[in-house]
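Participant: no sequence on this one, just coordinates:
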């Protein structure tokens, strides 16, 4: 597996392409012949036959057009929506705003033009913004004709589905395939369906595969596997947890299923191909293949197949590994070489997770070069591999024919194409050479079309794709057939594609991520984290000449108490808490950080680097002290690093004065990230900081402060005060020398702090508080259930539900509620609850016995409402993930800070009432919405009161600098953390302009006048924040409204 490790996965693109070019060893004259042959093929394609409707649709309505995007959204959502009202809203949303008329007559296909006419007329019917009598009539038609429109568009969508899908059942597909089989083609049938989310899904897909193999077996009339039809299967469809973290389960549960399917295919003498999926699963797929292939019952069968994606940097290594396995076990396998269809997803993931590089080539040209080089490699391996070259690109086909020496019907390989695409190209090759060609044909209900359709559009929707260019007569054949080896020097990644480390431009380096699907990375983490944490104690500025020095703790007889692991109960280390005397000493010795802003920024950046280099001890403490899974620990470290670098960048050129001494009181649920973020902002503004961590998590806080001191933060500017809130927190918030408090925690505690500050501190001393929330999500009937459930699970149960942003109340439209809730229950059954030290754990413990007891008591009073519950370990502070039925959010009297999700249903017509009910609770932290209706997104996001709103994604894990985080109402005060308004709150306020005076003359009258005056604040502003490809992050700044200032 070494050649598939992270070094190979993220190897630099340039040297790899140089090696591929050397391996291909194609002289200029051969490359010239290939291009000339490809150009000839293109001329014949254009002159001898017409493009298919699918090719024309993709060319006319590509993703570069608003109409193409609307068609994609309509096709993927409409057929699964059960209620008429939502169908009508979806049709209006997707069709009415688009300019279909500009496509009229552009296509040579009467079918595509008929579709354009229909969509244009429907759009006009749905558009009320037309003048005079015509507008009135159209309004009447709209009201009276919605059933007609609905029927017409439904038929159009089903027809589109027919173009993409061979048949809705395997029997229908086999029947429809006879026409192409008569021309010499054979088929590989792909049963539509995406990754299983539940055991039920996996069982259903396995049964569909078995039925399909049985049906296809009747068409297997040849003695050669290569001449018989076959089937393609997805491993992710056969196991709900097909991922590296669950490898033990995958090998024990998935391998037998794949082995049985392979045996069934072998008995029918047909091929069985394992489809390629995301790069994260590549090494795991090889392990599954290696476990299945040696089965004695598969001996003598040449039909076991694997798909390899040429855009992957490890494609060559994968081919070598498969050849070695086949040789070792005396097998001959099929290998389908494709370009790859997950490019956008893979690129975004690399950016989001801060991976070392992209696992794929960044340009289409580089992928084309890789394809040709790998084709040559495969043609030299026909002793053990039967190559299957899947492509619609004339140059790729010409290259294979040239490399194979103009083969005939007996060629030891075949071509492949997609149903509905590349037909004319492969007809020519089949006619001229007799070389075998197989059609990859999707089979399934049209409502299952989504993922397949989206991948086809992403593959072929770009203007630069071969499918698009070949139907455009204005593009010369020579340009389409240009040699990719020659073009490589000019090729470049899309301008918007930023490398993971450079996601935020030249100013700030993105935090370093960890690929938790790579064995070598995991081994490095496991070795580095297995260390004993140091004890914790106050870290004070004792003076330069006092024993203990800066950042020390004077020796004495102060009492200590143990810090224990919430999962196992083991003692990790000891903590010595501060008392009133310690706090007083820290305040007396605190001094602002007077170093110039650029120096402070450099030190914070150095601290960020230290955090990253000390990942092992950090991950170890986060797992053992805070109960963090490895995924959560990685995310927390990265957030802390991002805070340090973000505030350093924000404040580097700001010369304003600091406020003085800031008390930073942080929570246990993000004991490194929030702890660091609060400190970093205050320090960057030049303040002195007294950091009080949560009493449950002092060890990670102590490590963080030691690293900050090592980086160069002076001890007088940063002191650590571990201890209880009633002692340390109370002492800090009642001392008038404190010039600001930054707090993250419960709403009730925030109220106590605010009252204490009001009694003791200077008026105007800021309280920057981020508190709890009753966070909701709405899922309507247009939402993709698989996507919604995945996001619901992450939002509710990740971090054992111990996130301020976690989903507490889910609203599901009643029309889809039974299905969606059943999926949630099935997905919950796949959760692994246990010790977060284990990679396979999804849900760890809650923080302590008090938290556990409170949640269990709550659940005990609501036993009758429990819809589903997952088993949890009997020892340790575990709470079983639980799903509760409630009438609505009004039934929640408080936030339950753990793995508990409440679900309610609503009628489509009551959406406004749901939004009003959420707002009525007075909280406003996070909110989620899953819908495919753009106008609904606009309406709901404008009406909801929440600091962070997430659309069609989960609602946890805000990214520093991309998604500033903070709430309103009962969920917080002050600016959003990780945003442009946070750091300025830590600077001293600007003095009033000269000549400004406060007058108390006729105050009541002036107050009334002020309330009636127009807002003095500027209009709402919107800023697009940086972020990964395929994601839109908008920061809106709104005025508060009338503000009452009361003086002493």
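Facilitator: Looks like it came in fine. As the structure is a computational prediction, the values presented were derived from the model and not from experiment.

Participant: Tally up the residues packed near residue 639, please.
Facilitator: Other residues lying near residue 639 total 24 when counted by other CB atoms under 10 Å. Just so you know, the C-beta spots here come from the backbone N, C-alpha and C atoms, and that holds for glycine as well.

Participant: Could I get the contacting residues of it?
Facilitator: Neighbouring residues of residue 639 by CB atoms under 8 Å, 6 or more residues apart in numbering: 511, 670, 673, 677, 959, 960.

Participant: my guess is the third one meets residue 640, correct?
Facilitator: By that I understand residue 673. Yes - here residue 673 reaches residue 640: they are 4.6 Å apart, a contact under CB atoms under 8 Å.

Participant: Compare these two and say which is more crowded by neighbours.
Facilitator: Between residue 673 and residue 640, residue 640 has the larger neighbour count (other CB under 10 Å), namely 29 against 24.

Participant: State the pLDDT value of the nearest residue in space to that one that is not next to it in sequence.
Facilitator: Here the nearest residue to residue 640 in space, its sequence neighbours aside, is residue 676; by CB to CB, 6 or more residues apart in numbering that works out to 4.0 Å. According to the prediction, residue 676 has pLDDT 99.

Participant: Just confirm residue 676 is within a helix.
Facilitator: Yes - per DSSP: H, G, I helix; E, B strand; the rest coil, residue 676 lies within a helix segment.

Participant: Show the contacting residues for it.
Facilitator: Residue 676 is in contact with 611, 640, 643, 644, 704, counting by CB under 8 Å, 6+ apart.

Participant: Over to residue 970?
Facilitator: Counting by CB under 8 Å, 6+ apart, residue 970 touches 747, 771, 772, 773, 921, 922, 923, 924.

Participant: among these, which two are most distant?
Facilitator: The span of those, defined through CB to CB, is set by 771 and 921 at 13.3 Å.

Participant: The two: which is more packed in?
Facilitator: Neighbour count, other CB under 10 Å: between residue 771 and residue 921, residue 771 has more, with 25 against 18.

Participant: Model confidence score at the closest residue to residue 746 other than its chain neighbours, please.
Facilitator: If the residues on either side of it in the chain are set aside, residue 746 comes closest to residue 772, at 5.8 Å by CB to CB, 6+ apart. With respect to pLDDT, residue 772 has a value of 89.

Participant: can I assume residue 153 is in contact with residue 95?
Facilitator: Yes - look at residue 153 against residue 95 with CB under 8 Å: they come within range, at 7.4 Å.

Participant: Now residue 333, what are its backbone angles?
Facilitator: As for residue 333, its main-chain torsions (degrees, to the nearest 10) stand at phi -110, psi 160.

Participant: In this protein, which residue is most central in space?
Facilitator: In the chain, the residue lying closest to the centroid (CA atoms, centre = their mean) is residue 349, at 6.5 Å.

Participant: Would you quantify the distance from that one to residue 1030?
Facilitator: When distance is defined by CB to CB, to the nearest Å, residue 349 is 10 Å away from residue 1030.

Participant: Also residue 964?
Facilitator: Counting by CB to CB, the separation of residue 964 from residue 1030 is 20 Å.

Participant: And those two? Which one has more around it.
Facilitator: More crowded of residue 964 and residue 1030, by other CB under 10 Å: residue 964, with 23 against 12.
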